[in-house]
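Asker: Provided below for reference: sequence and predicted model.
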Amino acid sequence: MESEKIWGGLMNRVKPYLAMISMQFGYAGMYIITMVSLKHGMNHYILAVYRHAIATVVIAPFALFHERKTRPKMTFRIFLQIALLGFIEPVLDQNLYYVGMTYTSATFASATANVLPAITFVLAIIFRLESVNFKKVRSIAKVVGTVITVSGALLMTLYKGPIIDFIKFGGGGGGGDGAGGPHGGAASADLDKHWVPGTLMLLGRTFGWAGFFILQSFTLKEYPAELSLTALICFMGTLEGTAVSLVTVRDLSAWKIGFDSNLFAAAYSGVICSGVAYYVQGVVMRERGPVFVATFNPLCVVITAALGVVVLSESIHLGSVIGTIFIIVGLYTVVWGKGKEKRMTDDDRKGLPIKFPVKEVDAGRVLAGKSEIKTKEDHETNKANQAEI
């Protein structure tokens, strides 16, 4: 019995970390699958609509069944928050990323996405979801860890360095050429690209993603039903994305989709990266906060690079290795600070009842004093009665 309790407690502590790491594997797969779909001519506006339509169809039955007795009452305020959530991430965030990437470059787009933990941390402080006290080591760890994580992600994205051959691949040379090719030809091609509007779009996308985490955290406090909230966000995202797509895409033939890579991309990204991801990050967010969720985002860069080396026989560069070390150290620092903060909060909550027995003792002394005074008064009254007799 004791071993089962220990094992159960260990699993409860480890589950948030495993959930967030698994999400990053899902995102890494999505980037590869979605890129294949876009290269085959899929419109990104329409892809986002199909993605969230499939997510709604898959998640809604689970929400209706599992939360039929615990689902809170829908209010107009909560409805507005869900409508805003459905616009920020499914419509604004995803489409700004694709358009911004075409205006700048994939490298620059990845670099801006990796700043997400820092922006989320700042917004969480502004909205009082996180507190920073530089007199406390745990607060310093959160700040320093966030800076190290973002620095590692930027270093991994922007700096390549020499090729490191950990494993000899037959196609290693081709991978190295492919990696270096874009940098060689990008100098002339980038002159024709709209860097200023593209940069603004990518920064707006990152702020939108961070804002989605913050608003989802607030909404879960008023509507604590993760599955229902996920289904409603995907449904509203489908409706709002359809409206935007009908305005931006005039060719109705672009909506045609068959049993090919386009359908697989919509299904995979919808089920894994919208349905499951919104639900998982909501569950973890209620316990650990939005900063904890956002901190794991740069890990996706590491996973994508590792998959590229193992699956695609791509070359790994020195910048990737150094950036990976930075990301791991930064993640550990932030997680340590958050864990220390959570333990302190739990200890404070457990310590609150200790104050009540002190009050009871004081009250008992007061009652004892009153009874003693009353006894003396009764004794004096009896003496006076005896004297009269």
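Answerer: Cool, the structure landed. Residues are numbered from 1 along each chain as shown.
Asker: what's the helix or strand containing K221 packed up against?
Answerer: Here K221, judged by DSSP states H and E, is contained in helix 195-222. Packed against helix 195-222 by the contact rule (3 or more Cβ pairs under 8 Å, 6 or more residues apart in numbering; DSSP states H and E) you find helix 76-87, helix 94-103, helix 106-113, helix 116-126, helix 226-248, helix 277-288, helix 290-295. Yep, even glycine has a C-beta here, placed from its N, CA and C like the rest.
Asker: any idea which of those scores lowest on pLDDT?
Answerer: When the helices and strands packed on helix 195-222 are ranked by mean pLDDT, helix 106-113 comes last with a mean of 66.
Asker: give me the buried positions along stretch 125-143.
Answerer: If you call a residue buried by 16 or more other Cβ atoms under 10 Å, then stretch 125-143 has these buried ones: 129-130, 138-139, 141-143.
Asker: relative to Y159, which of the helices and strands packed on helix 195-222 is closest?
Answerer: Closest to Y159 of the helices and strands packed on helix 195-222 is helix 106-113 (Cβ to Cβ; 10.6 Å).
Asker: quick one: low-confidence parts of this protein?
Answerer: For the chain, applying pLDDT under 70 flags the ranges 1-9, 105-111, 157, 165-193, 308, 311-314, 345-389.
Asker: now, among the buried residues of stretch 125-143, which is nearest to G161?
Answerer: G161 lies nearest to V143 out of these, by Cβ to Cβ, at 27.9 Å.
Asker: just name the most buried of the helices and strands packed on helix 195-222.
Answerer: Stretch with highest mean neighbour count among the helices and strands packed on helix 195-222: helix 290-295 (a mean of 27; mean count of other Cβ atoms under 10 Å).
Asker: tell me which strands and helices that helix is in contact with?
Answerer: Counting contacts by 3+ Cβ pairs under 8 Å, 6+ apart, helix 290-295 packs against helix 2-39, helix 116-126, helix 137-158, helix 195-222, helix 277-288, helix 318-351.
Asker: of all the helices and strands packed on helix 195-222, which lies closest to M11?
Answerer: helix 277-288 (14.0 Å).
Asker: need the max-distance pair from the buried residues of stretch 125-143.
Answerer: Largest separation among those by Cβ to Cβ: L129 and A141, giving 17.4 Å.
Asker: which among the helices and strands packed on helix 195-222 is found nearest to I32?
Answerer: Nearest to I32, of all the helices and strands packed on helix 195-222, is helix 106-113, at 12.3 Å by Cβ to Cβ.
Asker: how many residues are close by the closest residue to A141 other than its chain neighbours?
Answerer: Distances taken as Cβ to Cβ, 6 or more residues apart in numbering put G337 closest to A141, at 3.3 Å, once the chain neighbours are dropped. Using other Cβ atoms under 10 Å, G337 has 22 neighbouring residues.
Asker: how far away is G337 from I88?
Answerer: According to Cβ to Cβ, to the nearest Å, G337 and I88 sit 28 Å apart.
Asker: do the same with A63
Answerer: 20 Å.
Asker: and what of R250?
Answerer: As judged by Cβ to Cβ, R250 and I88 stand 25 Å apart.
Asker: which of these two has more neighbours?
Answerer: Using other Cβ under 10 Å as the criterion, R250 and I88 rank with I88 on top: 23 against 7.
Asker: my guess is that one meets A210, correct?
Answerer: No: counting by Cβ atoms under 8 Å, I88 sits too far from A210 to count as a contact (9.9 Å).
Asker: which residues do those two both contact?
Answerer: Residues touching both I88 and A210 by Cβ atoms under 8 Å, 6 or more residues apart in numbering: none at all.
Asker: residues contacting the residue positioned nearest the centre of the chain?
Answerer: With distances taken as Cα atoms, centre = their mean, the residue of the chain nearest its centroid is V293 (3.3 Å). Contacts for V293 (Cβ under 8 Å, 6+ apart) come out as 20, 120, 213, 281, 284-285.
Asker: ok, the closest residue to it other than its chain neighbours - contacts?
Answerer: Leaving aside its sequence neighbours, V293 sits nearest to Q281 (Cβ to Cβ, 6+ apart; 4.9 Å). Neighbour list for Q281: 20, 23, 213, 216, 293 [criterion: Cβ under 8 Å, 6+ apart].
Asker: for the residue nearest to V284 when sequence neighbours are not counted, give its distance to F213.
Answerer: Distances taken as Cβ to Cβ, 6+ apart place P16 nearest to V284, at 4.8 Å, with adjacent residues excluded. In this view, P16 and F213 are 15 Å apart by Cβ to Cβ.
Asker: these two: who's more crowded?
Answerer: Higher neighbour count among P16 and F213: F213, with 25 against 21, using other Cβ under 10 Å.
Asker: how much space between the residue nearest to the more buried one when sequence neighbours are not counted and T219?
Answerer: Nearest residue to F213, sequence neighbours excluded (Cβ to Cβ, 6+ apart): P290, at 3.9 Å. Distance of P290 to T219, given as Cβ to Cβ: 11 Å.
Asker: V58 now?
Answerer: Using Cβ to Cβ, V58 is found at 21 Å from T219.
Asker: so these two - more neighbours on which side?
Answerer: More crowded of V58 and T219, by other Cβ under 10 Å: T219, with 20 against 17.
Asker: in contact with the more buried one, which residues?
Answerer: By Cβ under 8 Å, 6+ apart, the contact list for T219 reads 78, 81-82, 85, 229.
Asker: got it, and S151?
Answerer: By Cβ under 8 Å, 6+ apart, the contact list for S151 reads 326, 330.
Asker: could you do K142 as well?
Answerer: K142 makes contacts with 121, 130, 132, 291, 333-334, 337-338, 341, as judged by Cβ under 8 Å, 6+ apart.
Asker: ok, of those, which one's closest to M201?
Answerer: Nearest to M201 among the contacts of K142: F121, at 22.2 Å, using Cβ to Cβ.
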